[in-house]
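Need a 3D model of the following:
(chains A and B)
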There are 2 protein chains.
Amino acid sequence: MISNWMDGVESDIVRLTAHPYAGTPVGDVLDWAVASKGKRIRPMLLILCSQYGPGHEESRNRLTLLAAMTEITHLASLIHDDIVDEAPLRRDRQSVQRRFGKDAAVYAGDFLIARVHYFQAQEKLHESGMILADAIGQMCAGEIGQARCRYREDVTMQEYLCNIRGKTTALFRAACRIGATESGCSPAVIEQLDKFGETLGCLFQFRDDLLDFTTDRAELGKETHKDFRDGIYTLPVILAMRNPEAREKLLPLMQENRAGELGCEQIREMETIVREFGGTDAAAGEIRRYGQHCKEILGGLPANEASAMLAKIVNKCMQV
Amino acid sequence: MISNWMDGVESDIVRLTAHPYAGTPVGDVLDWAVASKGKRIRPMLLILCSQYGPGHEESRNRLTLLAAMTEITHLASLIHDDIVDEAPLRRDRQSVQRRFGKDAAVYAGDFLIARVHYFQAQEKLHESGMILADAIGQMCAGEIGQARCRYREDVTMQEYLCNIRGKTTALFRAACRIGATESGCSPAVIEQLDKFGETLGCLFQFRDDLLDFTTDRAELGKETHKDFRDGIYTLPVILAMRNPEAREKLLPLMQENRAGELGCEQIREMETIVREFGGTDAAAGEIRRYGQHCKEILGGLPANEASAMLAKIVNKCMQV
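Reported below is the predicted structural model:
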């Protein structure tokens, strides 16, 4: 039962994020930082991918530990993202930076990463440690790359893909690769699951980008289209910009965006242009294409409890 | 020759911070982040402490690698400190956050730490990896502790010591402990060198705090007494506050500081009070006391080339 494995992951998350600062101001920050629970998609991927390997039962303790490390890494990256974005909320609770300040948020993220590395060294998880550290490096490069592309009207599809391969897909890939490697999958299966993680990571990010354009909101509030407002031009925008007429209409909005804050009227206008010139449809097309590719990869692997659950995750990510 | 060892450390720093992003915007940020060179005191401590162990020659490659990792960890922590402090300069060059923005600085620091952990896993340096990861955790806790004490007029000597034991001495201790452990020192010598690192770390921080009050400046500019302005009350202030009369005079200034920005006149007034009521003298006394303790520890260890150089470092840190 996969759900039993995930219970093990949850206890490992608690164990790995335990700290000797309970009841102190330091402890309050750290407790707040780890209390925010996400969908656990990355540790779930790691555990599901491990089910393809012959040694998954005997490596169970290492696997749940590594899955917990993957989730804690994700959590730390969210805390650092919120500093950059000055996000007030994270999963319906105040973000660490909003509640305790930027300083606390920088070091709370660093603390969590240090705990991951402490336990990796203690448990001698060298191979997976390298995979995870490498993924973190790629995540940072992706985030820096995205920051350096901000407000650039000429950002290309290639640059966008390069940035999201770092910031989002690197950790998806690492989760799949670690699960496959630690459970003793063959090199061919490891490569297939790595590719699955990469493709699913892109799909996940595409969907996240498209949701900004398809979520039906009665009114466009301050927090809608945050990426666009921040000068981060995502898939639907980049795809719409391929149309010369859309490009001509979007450029002045982008220039104003660079110069100052756009009003709700202008954001609405941008959304209409992107939608009318096929940016959202084209993004939905990419989602279908990547989702199909994920399923093809799964189709090439043996059918088991894990493959059915992975297919379910793919279907969920395809819903827009 | 210790200088040859330090040349090895320098090449390892270059090797460990190499990245595949040369010539790209991501590469520019990373190159800028590592170009800033400090006094290399932490790697120097690691190498010097290793000279007490019988196995230092045969562990030379591991030792220079670990010394490089210690310095890169320090470098990453400086990059993150500069985000929090919004510091424009670092070692006479623009800080990463000023030049490339907060986003780039957060992830450049994270990237460097990820490189350290990648190579620790690759080289299977688990014991030292645990020591270093543990030190990073303590550094974060110290920084969070300091952030949570900001603008608190009632911050105690105990809280101050607890915060600097994290933010500064943890990495000094780790450097000494790693050098001693990896070169095969006896448990007793390891503990003595660990204690030396801790005492020297405190001394180093005391001196840094006191310099704000003793450096002769023609005019008190915006950047003097930055700690005080930021509500971080350091050793000379805490020691002056023990005097009831000084306390009575400093409290209104601290309250104003919490409420808004202090003018140069008020900063000058604060400096005069701290000096006149013995805060600086008492801080200098602590520096002598801790320096003396460092020398006693060295006196209990065999005399060699390293011990003479360690004594020199202690003397330098005692100069105020």
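
what ranges of chain A fall below the confidence cut-off?
Scanning chain A for pLDDT under 70 picks out A:85, A:87-92, A:216-223.

how about the residue nearest the centre of it, what does it touch?
Relative to the mean C-alpha position of chain A, the nearest C-alpha, by CA atoms, centre = their mean, is the one of A:Thr168, at 4.1 Å. Shown in contact with A:Thr168 (CB atoms under 8 Å, 6 or more residues apart in numbering or on different chains): A:Gly142, A:Gly201, A:Cys202, A:Phe204, A:Gln205. Glycine gets a C-beta too; all of them are placed from N, C-alpha and C.

what does A:Asp82 give?
A:Asp82 sits next to A:Arg90, A:Ser95, A:Val96, A:Gln97, A:Arg98, A:Ala105 when contact means CB under 8 Å, 6+ apart.

what's the burial count for the residue of the stretch 201-320 of chain A found nearest chain B?
Proximity to chain B, evaluated over the stretch 201-320 of chain A using CB to the nearest CB, is greatest for A:Asp230 at 9.9 Å. Using other CB atoms under 10 Å in any protein chain shown, A:Asp230 has 17 neighbouring residues.

what do you get for A:Leu262?
Counted with other CB under 10 Å, residues neighbouring A:Leu262 total 18.

One more: A:Gly101?
That count, for A:Gly101 with other CB under 10 Å as the rule, works out to 17.

quick one on the thing from earlier: now the residue nearest to the centre of chain A: how far from A:Tyr160?
Note on A:Thr168: its distance to A:Tyr160, by CB to CB, to the nearest Å, is 11 Å.

ok, and does the host helix or strand of A:Val26 reach over to chain B?
Under the criterion of DSSP states H and E, A:Val26 resides in helix A:25-35. Yes: Helix A:25-35 reaches chain B (CB under 8 Å from any CB of the partner chain) through A:Pro25, A:Val26, A:Val29, A:Leu30.

For that helix, name the packing helices and strands.
Secondary-structure packing of helix A:25-35 (3 or more CB pairs under 8 Å, 6 or more residues apart in numbering or on different chains; DSSP states H and E): helix A:60-85, helix A:96-100, helix A:102-122, helix B:126-149.

Restricting to C-alpha, output that helix in CSV.
Output in CSV follows, covering the C-alpha atoms of helix A:25-35 (Å, rounded to 0.1, in the frame of the first residue of the first chain):
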residue,chain,number,x,y,z
PRO,A,25,11.9,32.6,19.1
VAL,A,26,14.2,30.5,16.8
GLY,A,27,12.0,27.5,17.3
ASP,A,28,8.8,29.5,16.5
VAL,A,29,10.2,30.4,13.1
LEU,A,30,11.3,26.9,12.3
ASP,A,31,8.0,25.4,13.4
TRP,A,32,6.0,27.9,11.3
ALA,A,33,8.3,27.1,8.3
VAL,A,34,7.5,23.3,8.4
ALA,A,35,3.9,23.5,9.4
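
gap between stretch A:180-189 and the chain center?
23 Å (CA atoms, centre = their mean, to the nearest Å).

Secondary structure element holding A:Arg15?
helix A:2-16.

Can you point out the buried residues in the helix holding A:Val26?
A:Val26, A:Asp28, A:Val29, A:Leu30, A:Trp32, A:Ala33, A:Val34 (16 or more other CB atoms under 10 Å in any protein chain shown).

what does stretch A:171-189 give?
Using 16+ other CB under 10 Å as the test for burial, stretch A:171-189 gives A:171-185, A:189.

Most widely separated two among these?
The largest separation in the buried residues of stretch A:171-189, counting by CB to CB, is between A:Leu171 and A:Gly184 at 22.2 Å.

mind listing what's buried in the strand or helix carrying A:Cys294?
Using DSSP H and E, A:Cys294 sits in helix A:279-299. Going by neighbour count (16+ other CB under 10 Å), the buried part of helix A:279-299 is A:279-280, A:282-284, A:286-287, A:290-291, A:293-295, A:297-298.

next helix or strand past the helix or strand harbouring A:Cys202?
Assigning secondary structure by DSSP H and E places A:Cys202 in helix A:187-214. Where DSSP H and E defines the elements, the next helix or strand beyond helix A:187-214 is helix A:226-229.

what residues does that next one touch?
Taking CB under 8 Å, 6+ apart as the rule, helix A:226-229 contacts A:Asp85, A:Asp209, A:Asp212, A:Tyr233, A:Thr234, A:Val237, A:Asn257, A:Glu261, A:Leu262, A:Ile267, A:Met270.

Now the last one. Nearest residue, chain neighbours left out?
I take that to be A:Met270. Spatially, and ignoring its direct neighbours in sequence, A:Met270 is nearest to A:Leu253 (5.2 Å; CB to CB, 6 or more residues apart in numbering or on different chains).

separation between the one you found and A:Arg229?
11 Å.

swap in A:Pro43?
The value you get for A:Pro43 to A:Arg229, if CB to CB is used, is 32 Å.

Same check on A:Gly197?
Between A:Gly197 and A:Arg229 the distance is 30 Å, computed by CB to CB.
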